[in-house]
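> quick one: sequence and predicted model below, then my questions.
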Amino acid sequence: MSLFRIRETGSTFFTEVLAGVTTFVTMSYIIIVNPAILGNTGMDKGALITATCLASALGTLLMALFANYPIALAPGMGLNAFFAYGVVLSMQINGQAVTWQQALAAVFIEGAIFAVLTLTNIREAIMSSIPKSLKIGISAGIGLFITLIGLINAGIIVSNPATVVALGKFAARTEAGMTFNVPMLMSMLGLFLMSVMIALNIKGALLIGIIIITGIAAYFGLPAGAGLPAVAVPETFVSEPNSIMPLLGQLDFSLIKEPQFWIVVFSFFFVDFFDTLGTLVGVCNRSGLLDENGNLPRAKGALMADAVATMAGAAMGTSTVTSYVESSSGVAQGGRTGLTSIITALLFVGAMFFAPFVNMVPGYATAPALIIVGIYMMMSLRDLNFEDFTELVPALLGFFMMPFAYSISVGIEFAIVSYVVIKIFTGKFKDISFLMVLLAAAFIAKEIFA
């Protein structure tokens, strides 16, 4: 155990094990939610379960070995939504939709770029140059974006031509009688259950909530969604892991010569960078792992774990792998070293054998988890300085623009560009680093020439 310096941190072996289990239970919903989101692109859901578990285990193991931090990694919430909804289901290159294979290639390339930047200390320098207010706004904005996606998936928020969005209907009267909106009602029930359990400090509240809603749906034979068959209990909950072959190595670099493909890479690059930035800093800040200057010790190891896991995850067939804010639950249990991460990684490997359960979970059981995770990430807004508008406005612009523009990268652009512009025109030049000016110029150029 000398590898993790447990005694030096004031922790114990048992405490680290308990923390690892707590982190896994808290974030294990990703095993269900990630395949549900990425499956919308046509990717094999069974293979996604295996890919999610393997990529999470590998990334978390690397974090333990490279940085000795009690931080777990998995396919990022928000990043998987950007992959599915922002790229595959909406972007086109030369009039053709971007395929999930091409999107995986873009993720792999941006992961490789991250690795190079980390080795040259550029990524760490950029991470340190971003003002704290923007780190808060970006992290919280991703949370609000995730919450909106959860509300939409739950059917609680629907599109409306007159008002853009509106509240979904709980029930509708038809000739056959009253028809209830099962996904919306079950999502609301799941949201209340999870919220109550979290308020009562029940560990694993998200996973427990998902299991309860799935159990209710299976017991009463409720449909898995509009036009979908009823939720059914599988013959067994334990089986051999699903084959990863439908996704393994399916990277398609055929668009690498197209300028628009590099816009996709560029978008993944900035979304991944600032999502990792916000999450890693947020977790370490809440865990007391930042130094007196607000910087992250052993940042290079942590960032390299993220970069390598992203490349490996893309090769396995999943979206960008990143640090998880739920790791703070394990830290709250006393986890202080990489041993916590080792335990979490081993549990992700074991979770591959429970694919039959994952496959029976309806979308309305996972939607509340998205909402709750988003709320967790928005809690960082309390650390903003509401007295300084040169800090507050850019942070909140990033926060609001992510969901309203339905793009994490747009929110980041507004946050950074507005910060630089406002600081310049108020004469606060000392608050602006050279890298911030370069980033602002790059974003402006992207919007003009993209």
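That came through fine.
> output the below-cut-off pLDDT ranges for the stretch 301-450 of the chain.
Within the stretch 301-450 of the chain, the set of residues satisfying pLDDT under 70 comprises 325, 328-329, 332-333, 408-409, 449-450.
> now the strands for the stretch 1-150 of the chain?
All strands of the stretch 1-150 of the chain, identified by DSSP state E, counting those that start in this stretch, fall at 73-75, 92-93, 96-97.
> the first one packs against which elements?
Which is strand 73-75. helix 30-38, helix 45-67, helix 299-316, strand 321-323 (3 or more CB pairs under 8 Å, 6 or more residues apart in numbering; DSSP states H and E). Just so you know, the C-beta spots here come from the backbone N, C-alpha and C atoms, and that holds for glycine as well.
> neighbouring contacts of the shortest one?
Same thing as strand 321-323. For strand 321-323, the external contacting residues (CB atoms under 8 Å, 6 or more residues apart in numbering) are 55-56, 58-59, 63, 71-76, 79, 272, 275-276, 279-280, 283, 302, 306, 309-310, 312-313.
> swap in 6 Å and give it another go.
Around strand 321-323, the neighbours that count as contacts under CB atoms under 6 Å, 6 or more residues apart in numbering are 55, 59, 71, 73, 75-76, 275-276, 279-280, 306, 309-310, 313.
> ok, now stretch 250-264?
By CB under 6 Å, 6+ apart, stretch 250-264 touches 87, 93, 101-102, 104-106, 108, 450.
> gap between the two ends of that stretch?
Distance across stretch 250-264, first residue to last, is 17 Å (CA to CA, to the nearest Å).
> which residues belonging to it are considered buried?
By neighbour count on 16 or more other CB atoms under 10 Å, the buried set for stretch 250-264 is 250-251, 255, 261-264.
> and what of stretch 223-242?
So for stretch 223-242, counting by 16+ other CB under 10 Å, buried means 224-225, 231, 241-242.
> of those residues, which one scores lowest on pLDDT?
pLDDT across those is lowest for residue 225, at 76.
> enumerate every residue touching that residue.
Contacts of residue 225 by CB under 6 Å, 6+ apart are 183, 363.
> so it, which state does it fall into?
When classified by DSSP: H, G, I helix; E, B strand; the rest coil, residue 225 comes out as coil.
> poorly predicted segments of the stretch 1-150 of the chain, please.
Looking at the stretch 1-150 of the chain by pLDDT under 70, you get 1-2, 9, 26, 123-124, 127.
> ok, which stretches of it are helices?
13-27, 30-38, 45-67, 79-81, 100-119, 122-129, 132-154 (DSSP state H, counting those that start in this stretch).
> try the stretch 351-450 of the chain
355-360, 363-378, 389-404, 408-425, 434-449.
> closest to residue 36 out of those?
Between residue 36 and these, the shortest gap by CB to CB is with helix 363-378, which sits at 5.4 Å.
> tell me what that closest one is packed against?
helix 30-38, helix 132-154, helix 182-199, helix 205-220 (3 or more CB pairs under 6 Å, 6 or more residues apart in numbering; DSSP states H and E).
> the residue lying closest to residue 397 once chain neighbours are set aside: how many residues sit nearby?
The spatially closest residue to residue 397, leaving aside those adjacent along the chain, is residue 414, at 4.5 Å (CB to CB, 6 or more residues apart in numbering). By the measure other CB atoms under 10 Å, the count of residues near residue 414 is 22.
> residue 414: what's it in contact with?
397-398, 401.
> which one of those is nearest residue 381?
Looking across those and measuring by CB to CB, the closest to residue 381 is residue 398, at 11.3 Å.
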